[in-house]
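Visitor: Based on what follows, work out the 3D shape:
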Amino acid sequence: MNLKNYLFIFALANFGLCVQSQAQTGNAFGGDNSGANNTGNFNTGFGVNSLMSNTSHSNSAFGFRTLMNNQGGYNCAFGNDALMANTTGSLNCALGTRVLQGNTTGESNVAIGHRSMEANTTGSRNTGLGYGTLLKNIGSDNIAIGYNTPRSLNFGNSNIFIGTETAQNLKNGNANVILGKVIFANAPTTDLIAGNDVNNTVILADGVGNQKLFISKAGNVGIGLGNNVIPKNKLDVAGGVAIGRNFVPNTQSDMPSLAPKNGLIVEGYVGIGNSLPGNKLEITQGTAGKSGLRFTNLTSNNISNITQTAAAFLTVDTNGDVILRKQLSFPSSVVNTISGNQLTTSVNGINSNTVTLPTQVLTQSGNTITLSNNGGSFVLPTFTDTDAQSLALSGNVLSISNGNSVTLPSFAEVDGSTTNELQTLTQTGNTITLSQNGGTITLPTFTDTDAQSLALSGNVLSISNGNSVTLPSFTDTDDQTLTLNGNTLSIANGNTITLPSTSVVAGTNVTVSGNGSTATPYQISANDTSLYANNGVINQSTTVSNNRIVDMNDRNIWFNTSTSTNNGKIYIGSSTSYPTTTGNYKLFVEGGILTEKVKVALRNTANWADYVFADNYKLMPLKEVESFVKTNKHLPGVSSASEIVENGLDVAEMQSKHMEKIEELTLYIIEQDKKLDVQQQAIEKQNSEIEILKAQLKVLIEKNK
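Guide: As a prediction, the model looks like this:
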């Protein structure tokens, strides 16, 4: 390669370095507004408005409006509106239209399928695979696989759902494991039925909604109990149970023995109270002299009065096994006699043996009767009062305590379904209608005759819907007049009446002036003090156009809070919910303030930001500003969003901070302008040198021709 080619390549490389220094690093965008206003690096966006205004890095967005205002990193969005509202959420993977559409700050979510996790905003570490998985849920740490699984869950954490439309009707639930198509009762959970708010539950069902296994939050296991039935014991089984190799199938050709209906069949040994039974059934009661076996309906009270002639009886051997023994026969000459507590046996008239029987005593403790000398004990039955009956309704099954139950009929709705629903009353005019074909009734129309009115026609006085009276005719012989002198009322040409003396006393809202005389009559004035005394409402009659007008009369209103250490605050709004995290402020206006002008006073010049232009002001280098913003997500010296939420916003202080940042930006711009001038001069110098090089190259090329 000759000299002219080296010089040309060097010129192009130098020009390329000048251009590349003005661009971002590792980004690729395609589509209208894709990557507009981007300040991040290593991002890839394809689609209208994808990664628009992005400020972070290592994001991939493919589709219309994907990751539009993103501030988080390491997100993948594929499909229109995927992660559309994401702000600071990171490490999310969204594949499908509208997937994670509402996510804002949630992190480490994986959602695949149309509308999967569409409503999630702040939930993190969720995994959704399938159309509409975790559609409405806003919780965290959930796993859902299948079509519309779960369809209605609003808030839940740490759940696992696998199956098509699994956990239908579940609205709130945590730490559940549900496999198969499980349809919950569309009502809150009860002690018997699992409703729309179960927690810490494991359910296994088939693909058509039949539940096979139910493990409750108490650890109780139910097998074959039916849908949504909560087991009450450690193991509840509906149907027979078989235990043993010969009773369960081991090969395809095996014909297993069926367990008794709702019973148990066991091939091996059963130990009750012990782990090493020595017989088919061994019971260890734990107390000497106690067998641990009881026949509730076969007691000593059931011994027949008929003489037993059987030659065998049941007893136990030295090992405690129940065995059959043969009845011993005594010769007819053997006679037993009892005298006091002595038993004497005589054979052929000769006393062969005399036994002194111990004296036994009966004692009672509670309802336990005990016979002394190891005579045993028995417990008297405890009777339950069944008089107090109560009704209970579960679904459409009506039951009475300690009694029977009745299954109420299902009512058919107009749309043909058989779901039991509440009936409602509606009224149109005077017609009352009961829903679900419950019929209608028409209320009678009544005529109101209570409102009576008087009418005078001439001297006939009549009452509406009543009689009339003819008043007597009077002849006016003279005009009569009334006069009042003190409390004496006189009629001209007639009698006088002395009115009782009346004293008027001022009340809480009433003032009285005058003494009642003709010269100084009583004057009563009502004052509305509802705005100033006690609690109350403003008297409507004292308002003008619904306004309570207070004339300041060249005076001020001062709410003195000097003695109010805890209260003394003014709250304007619909609920008295004073803020507790915004300092000791005295005025709170719910909903905000609309005013024509606001002026904030500063205590001194130190509260404004002119100090930025001082010669000794240390301006933070832009590299340090970039590092601070990446770490803290807000500008240096400016409160974060969480601090504003906790401490409130001081308008004067924030305006000063804004001015400080504006003045710093001005200094940065001045500094950058100086650098740009230097760079421009360098570029112009390089351009001049390039022109010289081009002229030299041209001369060299001409010479080498």
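Visitor: C-alpha only now, for contacts and for neighbours.
Guide: Fine.
Visitor: Okay, helices next: where are they in this structure?
Guide: 3-20, 622-632, 641-647, 651-704 (DSSP state H).
Visitor: Looking at those, spot the one closest to residue 603.
Guide: Taking CA to CA, helix 651-704 is the member of the helices of the chain nearest to residue 603, at 10.3 Å.
Visitor: Which strands and helices lie in contact with that closest one?
Guide: helix 3-20 (3 or more CA pairs under 8 Å, 6 or more residues apart in numbering; DSSP states H and E).
Visitor: Can you report the mean pLDDT over the residues of the helix it packs on?
Guide: Per-region confidence: helix 3-20 scores 41 on mean pLDDT.
Visitor: Check stretch 645-662 too.
Guide: pLDDT averaged over stretch 645-662 gives 83.
Visitor: What residues sit buried inside that stretch?
Guide: Across stretch 645-662, burial judged by 16 or more other CA atoms under 10 Å covers 656, 657, 659, 660, 661.
Visitor: Could you dump those residues into a markdown table with distance to residue 594 added?
Guide: Supplementary listing: the buried residues of stretch 645-662 in a markdown table, determined by distance: CA to CA, whole Å:
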| residue | distance to residue 594 |
| --- | --- |
| 656 | 22 |
| 657 | 24 |
| 659 | 24 |
| 660 | 27 |
| 661 | 27 |
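Visitor: can you tell me which residues contact residue 123?
Guide: Residues in contact with residue 123 (CA atoms under 8 Å, 6 or more residues apart in numbering) are 105, 106, 107, 138, 139, 140, 141.
Visitor: follow-up on the earlier one: I'd like to know which of the helices of the chain lies nearest to residue 398.
Guide: That would be helix 641-647 among the helices of the chain, by CA to CA, at 53.9 Å.
Visitor: Verify the stated contact: residue 258 with residue 239.
Guide: No - Residue 258 lies out of contact with residue 239 (CA atoms under 8 Å); the separation is 10.5 Å.
Visitor: Show me the domain layout of the chain.
Guide: Listed domain ranges for the chain are 481-499+507-532, 605-680 (source: automatic domain parsing).
Visitor: Tell me which of those domains lies nearest to residue 370.
Guide: Judged by CA to CA, the one of the domains of the chain that comes nearest to residue 370 is domain 605-680, at 72.8 Å.
Visitor: hmm, back to that, relative to residue 214, which of the buried residues of stretch 645-662 is nearest.
Guide: Checking those against residue 214 with CA to CA, the nearest one is residue 657 at 60.4 Å.
Visitor: contacting residues for that closest one?
Guide: If you count contacts by CA under 8 Å, 6+ apart, then residue 657 has 609, 637, 638 around it.
Visitor: gap between the second one and residue 657?
Guide: Think residue 637. 8 Å (CA to CA, to the nearest Å).
Visitor: for the first one, same thing?
Guide: Separation of residue 609 from residue 657 (CA to CA): 7 Å.
Visitor: ok, back up a step: now render the domains of the chain as CSV, adding distance to residue 442.
Guide: As requested, the domains of the chain are exported to CSV (distance: least, CA to CA, whole Å):
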stretch, distance to residue 442
domain 481-499+507-532, 48
domain 605-680, 60
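Visitor: for those, which one sits closest to residue 214?
Guide: Checking those against residue 214 by CA to CA gives domain 605-680 as the closest, at 43.6 Å.
Visitor: Quick one: distance of the closest one to the chain centre.
Guide: Here the centre of domain 605-680 is set off from its chain's centre by 42 Å, with CA atoms, centre = their mean, to the nearest Å.
Visitor: cool, stretch 394-402 as well?
Guide: 31 Å.
Visitor: list the buried ones in it?
Guide: Within stretch 394-402, the residues scored as buried using 16+ other CA under 10 Å are residue 399.
Visitor: Please verify my assumption that residue 367 contacts residue 379.
Guide: Yes - the criterion here is CA under 8 Å, and residue 367 meets it with residue 379 at 5.7 Å.
Visitor: ranges for the strands of the stretch 501-650 of the chain?
Guide: Secondary structure of the stretch 501-650 of the chain (DSSP state E, counting those that start in this stretch): strands located at 510-513, 523-526, 570-572, 587-589.
Visitor: Dump the ones you listed to JSON lines, plus distance to residue 218 and mean neighbour count.
Guide: Below are those laid out as JSON lines (distance: least, CA to CA, whole Å; neighbours: other CA atoms under 10 Å):
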{"stretch": "strand 510-513", "distance to residue 218": "68", "mean neighbour count": "14"}
{"stretch": "strand 523-526", "distance to residue 218": "69", "mean neighbour count": "12"}
{"stretch": "strand 570-572", "distance to residue 218": "48", "mean neighbour count": "14"}
{"stretch": "strand 587-589", "distance to residue 218": "48", "mean neighbour count": "13"}
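Visitor: any chance of those strands in CSV, plus mean pLDDT and distance to residue 93?
Guide: What follows is these, written out as CSV (pLDDT from 0 to 100; distance: least, CA to CA, whole Å):
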stretch, mean pLDDT, distance to residue 93
strand 510-513, 70, 74
strand 523-526, 66, 72
strand 570-572, 84, 46
strand 587-589, 80, 42
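Visitor: Output those as JSON lines; include the columns distance to residue 164.
Guide: As requested, those are exported to JSON lines (distance: least, CA to CA, whole Å):
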{"stretch": "strand 510-513", "distance to residue 164": "75"}
{"stretch": "strand 523-526", "distance to residue 164": "74"}
{"stretch": "strand 570-572", "distance to residue 164": "52"}
{"stretch": "strand 587-589", "distance to residue 164": "50"}
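Visitor: Tell me which of the ones you listed lies nearest to residue 27.
Guide: Closest to residue 27 of the strands of the stretch 501-650 of the chain, according to CA to CA: strand 587-589, at 47.1 Å.
Visitor: tell me what that closest one is packed against?
Guide: Partner elements for strand 587-589 (3+ CA pairs under 8 Å, 6+ apart): strand 570-572.
Visitor: how far does the strand it packs on sit from the chain's center?
Guide: Distance of strand 570-572 from the chain centroid (CA atoms, centre = their mean) equals 30 Å.
Visitor: returning to what we had before: for the domains of the chain, which one sits closest to residue 49?
Guide: When the domains of the chain are compared by CA to CA, domain 605-680 sits nearest residue 49, at 23.4 Å.
Visitor: average pLDDT for stretch 212-220?
Guide: Per-residue pLDDT values over stretch 212-220 give a mean of 93.
Visitor: Convert that stretch to PDB, retaining C-alpha atoms only.
Guide: Extracted in PDB, the C-alpha atoms of stretch 212-220 (Å, rounded to 0.1, in the frame of the first residue of the first chain):
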ATOM      1  CA  LYS A 212     -59.600 -35.600  44.200                       C
ATOM      2  CA  LEU A 213     -57.300 -34.400  47.100                       C
ATOM      3  CA  PHE A 214     -57.800 -31.500  49.600                       C
ATOM      4  CA  ILE A 215     -55.200 -30.600  52.200                       C
ATOM      5  CA  SER A 216     -56.400 -27.700  54.400                       C
ATOM      6  CA  LYS A 217     -54.300 -25.000  56.000                       C
ATOM      7  CA  ALA A 218     -54.600 -27.000  59.300                       C
ATOM      8  CA  GLY A 219     -52.900 -30.000  57.700                       C
ATOM      9  CA  ASN A 220     -56.000 -32.100  57.400                       C
END
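Visitor: For stretch 166-174, measure first residue to last.
Guide: 15 Å.
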